[in-house]
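>>> predicted model and sequence below, questions to follow.
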Amino acid sequence: MARSTSKTALYLLGIGLLAASRALAGASAAPRVFVLDGERLQATRQRVAAGDKALAPALEKVVSSARDAMQVGPFSVMDKEQVPPSGDKHDYMSQAPYFWPNPDTPDGLPYVNRDGKRNPEIRKITDRTQIRELNAAVQTLAIAHYFTGDETYAERAALLLRTWFLDPKTRMNANLEFGQGIPGRFTGRPYGIIEMQCVSDFVDSIGLLEGSKAWTDEDQRAMQAWSERFLQWLLESAHGRAEAAMLNNHGTHYDVQVVSLALFLGKNDVAKGILEAARERRIAKHIEPDGSQPEELRRTKAWSYSVMNLRGLLQLARLGDHVGVDLWGYETADQRGLKKALDYLVPYASGAREWPFEQINGFRPDGGITLIRRVSQDHPDEKYTAVAAKLSALAPDALDHLTGARLIPNDLDSQ
């Protein structure tokens, strides 16, 4: 329920963002967000405050969604029945989604891989599900507070954040040592880090809450302290270093996490260094001259993973704007770049061509359409705006993704 609540809220917010005039945006008054576009948000809020009737239905639905979000949670890593190998339930824990009991052994161990096929057993450990529901609710409440000024939404969002991250009795330890374990093999793996890709959403939600009575200076300092510890773990732990070295969507979304946290903490030099390295490390190595992404195409959900990786690269491009690193305009001598990667997906998203690679859960163009719309807003180009307009009737719900918060359906969050 919380995920659909967030989707509705972001969809309606997207409508406002599309209609907002950049001329109204005041940078000094914009919220401190990084993946979201603060100037667009501020311009939309100005229109709401001025009583723009065109936004009234959207605002009403945002408020309705926020009322639903008021009823969920709070969530905590302490809620799970299982105890991590550390003996500390404050440690986040999850099981690899694509691993199943071994049919050739009496006890089913060690589990074996079935790429792209989710084992429903993973739901028994609740941390993974709860952090998604937490993220959805906090986003919805933060958005509603930002546009209405209603402190009750901020109060609930603040409670949810404190419970998961800050309260000594319920908080998550700032590590992912036991993410995506495999029974009979590993208690945790670097791949588990991708389950915290929503950290960039939390950072932006906090930006929307800043200035409210509910989210205090003490809360902000405590959240910064937690983020400092988690960023250090990402940069220095064995799992973190291994995930950083991945040359697929895992490496991309690792970078998104690290850069978002670094910007939140004012560590612009750290963010800039990673973003500059992303030109060669992510774009040049992830994208072929024809725009294809071979590491994603080899998967059993090749379309989903191609969209997922490009989504992360586009988020990095947005983050790069904050420190003067142009990733959107970057191109190698043999024309590898984000534009080429998007161009590769356009004919499949539009239906002009049939997707030729494996996609075991069925081909849906929505994710690709979302990326096209996102780019048409961030980088006005007749080529993309024309395609986005033509495809608008095919995936209306994709408007929610124009904020850049989460650009893929939850079932694509992967190992």
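Sure, I can see it.
>>> am I right that residue 363 is in contact with residue 353?
No: assessed by Cβ atoms under 8 Å, residue 363 is found out of contact with residue 353, at 11.2 Å. Bear in mind the C-beta positions are built from the backbone N, C-alpha and C, glycine included.
>>> comparing the two, which shows the higher neighbour count?
residue 363 (14 against 10; other Cβ atoms under 10 Å).
>>> the more buried one and residue 304: what is the separation?
Counting by Cβ to Cβ, to the nearest Å, the gap from residue 363 to residue 304 is 9 Å.
>>> go on, residue 249?
10 Å.
>>> swap in residue 120?
According to Cβ to Cβ, residue 120 and residue 304 sit 19 Å apart.
>>> between those two, point out the one with more neighbours.
Each of residue 120 and residue 304 has its neighbours counted (other Cβ under 10 Å); residue 304 has more, 25 against 7.
>>> list the helices and strands the strand or helix carrying the more buried one packs on?
If you go by DSSP states H and E, residue 304 is part of helix 302-320. Contacts defined by 3 or more Cβ pairs under 8 Å, 6 or more residues apart in numbering; DSSP states H and E place helix 302-320 against helix 249-264, helix 268-278, helix 294-297, helix 338-350, helix 366-378.
>>> now that helix and helix 366-378, what's the angle there?
Angle of helix 302-320 versus helix 366-378, following axes from the mean of the first three to the mean of the last three Cα atoms, to 10 degrees, is 20 degrees.
>>> by how many degrees do helix 302-320 and helix 338-350 diverge?
Between the axes of helix 302-320 and helix 338-350, defined by the same axes, to 10 degrees, the angle is 140 degrees.
>>> coming back round to it: residue 37 is nearest to which of the helices and strands packed on helix 302-320?
Among the helices and strands packed on helix 302-320, helix 366-378 comes nearest to residue 37, with 7.7 Å by Cβ to Cβ.
>>> not counting sequence-adjacent ones, nearest residue to residue 291?
Distances taken as Cβ to Cβ, 6 or more residues apart in numbering place residue 344 nearest to residue 291, at 3.0 Å, with adjacent residues excluded.
>>> strands of the stretch 101-250 of the chain, start to end?
Listed in chain order, the strands of the stretch 101-250 of the chain (DSSP state E, counting those that start in this stretch) span 112-113, 178-181.
>>> chain center to the shortest one: distance?
Using Cα atoms, centre = their mean, to the nearest Å, the mean C-alpha position of strand 112-113 is found 27 Å from that of the whole chain.
>>> neighbouring contacts of stretch 234-251?
Residues from elsewhere that reach stretch 234-251 (Cβ atoms under 8 Å, 6 or more residues apart in numbering): 175-177, 179, 188-194, 233, 254-255, 257-258, 261, 281-282, 285-286, 295-296, 305, 308-309, 312, 414.
>>> now the buried members of those.
175-177, 179, 188-194, 233, 254-255, 257-258, 261, 281-282, 285-286, 295-296, 305, 308-309, 312, 414 (16 or more other Cβ atoms under 10 Å).
>>> still on that earlier bit, can you tell me which of the strands of the stretch 101-250 of the chain is most buried?
strand 178-181 (a mean of 25; mean count of other Cβ atoms under 10 Å).
>>> longest helix anywhere in the chain?
Criterion DSSP state H: the longest helix present in the chain is helix 127-148.
>>> alpha carbons only: can I get that helix in CSV?
C-alpha atoms of helix 127-148 as CSV (Å, rounded to 0.1, in the frame of the first residue of the first chain):
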residue,chain,number,x,y,z
ASP,A,127,14.2,-5.6,6.6
ARG,A,128,14.2,-5.4,2.8
THR,A,129,10.4,-5.0,2.6
GLN,A,130,10.2,-2.5,5.4
ILE,A,131,12.9,-0.2,4.2
ARG,A,132,11.0,0.1,0.9
GLU,A,133,7.7,0.8,2.7
LEU,A,134,9.5,3.3,4.9
ASN,A,135,10.9,5.1,1.9
ALA,A,136,7.5,5.2,0.1
ALA,A,137,5.8,6.6,3.2
VAL,A,138,8.5,9.2,4.0
GLN,A,139,8.5,10.4,0.4
THR,A,140,4.8,10.9,0.3
LEU,A,141,4.6,12.6,3.7
ALA,A,142,7.6,14.9,2.9
ILE,A,143,6.0,15.9,-0.4
ALA,A,144,2.7,16.6,1.2
HIS,A,145,4.3,18.7,3.9
TYR,A,146,6.4,20.6,1.4
PHE,A,147,3.3,21.6,-0.6
THR,A,148,0.8,22.2,2.2
